[in-house]
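>>> Pasting a predicted model and its sequence here:
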Amino acid sequence: MAKNTKGFPLTHVLGFIASLVLTFAALFVALKTSLSFKTIIWVIGSLAVIQAALQLFMFMHLNEGEDGKSNMINIASGVFIAFVAVAGSIWVMSFGM
């Protein structure tokens with residue numbers, strides 16, 4: 001994909017608007033629905049994952065570059081490290097080990 005260095009940053013504006021829509025959708029689900037607590041948490045979590053992916057592609061330009069595989073490997077390793085840190089913290093706090 002050719003890199004557009006001039007002109008109006010349409011993808012950034014669309015990404016910002018989509019991020020706002022997802023944020024307000026999560027706010028609406030949390031405050032204005034009568035869903036169960038567990039359902040609300042799942043909906044907000046799902047919207048957060050979608051928004052994170054949207055921001056990776058729209059703002060961090062994950063799909064651009066010479067080697068797309070290295071970007072995906074970096075993202076996957078970051079997710080793995082974050083998962084290990086969170087799971088390890090929960091394990092230590094829960095069992096005191």
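Structure received. Predicted model only: the values in this text are computed from it and were never measured.
>>> Just name the shakiest helix or strand of the chain by mean pLDDT.
Ranking every helix and strand in the chain by mean pLDDT, DSSP states H and E puts helix 68-95 at the bottom, with a mean of 88.
>>> Identify each buried residue in that helix, please.
Residues Asn71 are the ones in helix 68-95 that count as buried (16 or more other Cβ atoms under 10 Å). C-beta: built from backbone N, CA, C; applies to glycine.
>>> got it, and stretch 7-27?
15, 19, 22, 26.
>>> if I look at the second one, how far off is Trp91?
Going from Ser19 to Trp91 by Cβ to Cβ, to the nearest Å gives 33 Å.
>>> Show me how the chain divides into domains.
1-64, 66-97 (automatic domain parsing).
>>> Using CSV, write down the CA coordinates of stretch 50-59.
Extracted in CSV, the C-alpha atoms of stretch 50-59 (Å, rounded to 0.1, in the frame of the first residue of the first chain):
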residue,chain,number,x,y,z
ILE,A,50,-12.5,-4.1,18.8
GLN,A,51,-11.4,-0.6,19.6
ALA,A,52,-7.8,-1.7,20.3
ALA,A,53,-7.7,-3.5,17.0
LEU,A,54,-9.1,-0.5,15.3
GLN,A,55,-6.5,1.8,16.8
LEU,A,56,-3.7,-0.6,15.8
PHE,A,57,-4.8,-0.5,12.2
MET,A,58,-5.9,3.2,11.9
PHE,A,59,-3.3,5.0,14.1
